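*Asks:* next come a sequence and a model predicted from it.
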Amino acid sequence: MNARLARVQFRPLPGRQRGMALVIGLVLSTAATMVAVSTLTTSSSEGRAAANFAAKADALPETLSAALEVAIGVAEAALGGGGGEEGGDEQAGDEQAGDGNENASAVEQAQAAKVAAQEAKQDAQAAQKDAAQAHKAAKKAAKKGDQAAVAAAAADAQAAADAAADAAAVAAQAAADAKAAIDQASSKSEKKQAKAVSNKAQKAANQAATKAKQAQKQADKAAEYLS
């Protein structure tokens, strides 16, 4: 019995089974080879992709720098052209303003001169009042016999008279400017308006001259109290 079992256990495999094992081994070997080749191919592709990416990354700063230089050049050119245009616009605006002043300045200049004459007239009036007060102070000091106070008051009166004279001179000059503006009028209506304004300026100048004369009279009277 044991000898029979031994013969059954160690019986060699049939020839068909040994051929099947060989086929399976070849298939597995081929599959392993294909997997290895595929892995190598993928690794090679990934390596080339990594190299390309690295090359692009290295070239990126240079590309950006070149693009930046081009952008800066374009911006500078645009700004330069804009500045020139702006400067031209400003110059044209100044020229237009100048033309406007020449064409429409007759009445405006006369008006400005009239205002200056009226302001000078007010200054002459204020100076005349100061001279009158100084004259009164000199008169009171003379009654008291205080010659020092009289001298001080007389000096104040003369200073006020001088200020009134200066204001009158300013008003006279303004009136002359207003009169000269009439000749710059470009039309009859503008000339008429400038003339009307000039007349007012001349009136203010005349009033300033009158106040200056009054102030000088007050100063002269104050000086009479000096012994």
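*Replies:* Now that the structure is in, tell me what you want to look at.
*Asks:* return the helix or strand in this structure with minimum mean pLDDT.
*Replies:* One helix or strand of the chain scores below all others by mean pLDDT, DSSP states H and E: helix 2-9, with a mean of 46.
*Asks:* what's the next secondary structure element after the helix or strand hosting A161?
*Replies:* For A161, the host element (DSSP states H and E) is helix 147-182. The helix or strand immediately downstream of helix 147-182 is helix 188-224, counting by DSSP H and E.
*Asks:* tilt between that next one and helix 147-182?
*Replies:* 170 degrees (axes from the mean of the first three to the mean of the last three Cα atoms, to 10 degrees).
*Asks:* residues of helix 188-224 that come out buried?
*Replies:* Buried residues in helix 188-224, counted by 16 or more other Cβ atoms under 10 Å: 190-191, 193-195, 197-198, 200-219, 221-223. In this view, the C-beta of every residue, glycine as well, is placed from N, C-alpha and C.
*Asks:* output the contacting helices and strands for it.
*Replies:* helix 15-144, helix 147-182 (3 or more Cβ pairs under 8 Å, 6 or more residues apart in numbering; DSSP states H and E).
*Asks:* among the ones you listed, show the one with the smallest mean pLDDT.
*Replies:* Comparing mean pLDDT across these, the weakest is helix 15-144, with a mean of 68.
*Asks:* other residues contacting stretch 217-227?
*Replies:* Under the contact criterion Cβ atoms under 8 Å, 6 or more residues apart in numbering, stretch 217-227 has outside partners 128, 131-132, 134-135, 137-139, 141-142, 147, 150-151, 153-154, 156-158, 160-161.
*Asks:* try 10 Å
*Replies:* Identification of contacts with stretch 217-227 by Cβ atoms under 10 Å, 6 or more residues apart in numbering yields 127-143, 145, 147, 149-151, 153-162, 164.
*Asks:* buried subset of the residues you listed, written for ChimeraX?
*Replies:* Entered in ChimeraX, the line below selects the buried ones among the contacts of stretch 217-227, by 16+ other Cβ under 10 Å:
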select :127,128,129,130,131,132,133,134,135,137,138,139,141,142,149,150,151,153,154,156,157,158,159,160,161,162,164
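*Asks:* next up, the contacts around the closest residue to A113 other than its chain neighbours.
*Replies:* Nearest residue to A113, sequence neighbours excluded (Cβ to Cβ, 6 or more residues apart in numbering): A178, at 3.6 Å. The neighbours of A178, taking Cβ under 10 Å, 6+ apart as the test, are 109-117, 194-195, 197-202, 204-205.
*Asks:* try A185
*Replies:* A185 is in contact with 103-107, 109-110, 191-195, counting by Cβ under 10 Å, 6+ apart.
*Asks:* and if we set it to 8 Å?
*Replies:* Listed by Cβ under 8 Å, 6+ apart, the contact partners of A185 are 106-107, 191, 193-194.
*Asks:* what's the nearest residue to it if we skip its chain neighbours?
*Replies:* The shortest distance from A185 to any non-neighbouring residue, by Cβ to Cβ, 6+ apart, is to K191 (3.6 Å).
*Asks:* what do you get for K200?
*Replies:* Nearest non-adjacent residue to K200, counting by Cβ to Cβ, 6+ apart: K114, 5.1 Å away.
*Asks:* burial count for that neighbour?
*Replies:* By the criterion of other Cβ atoms under 10 Å, K114 has 25 neighbours.
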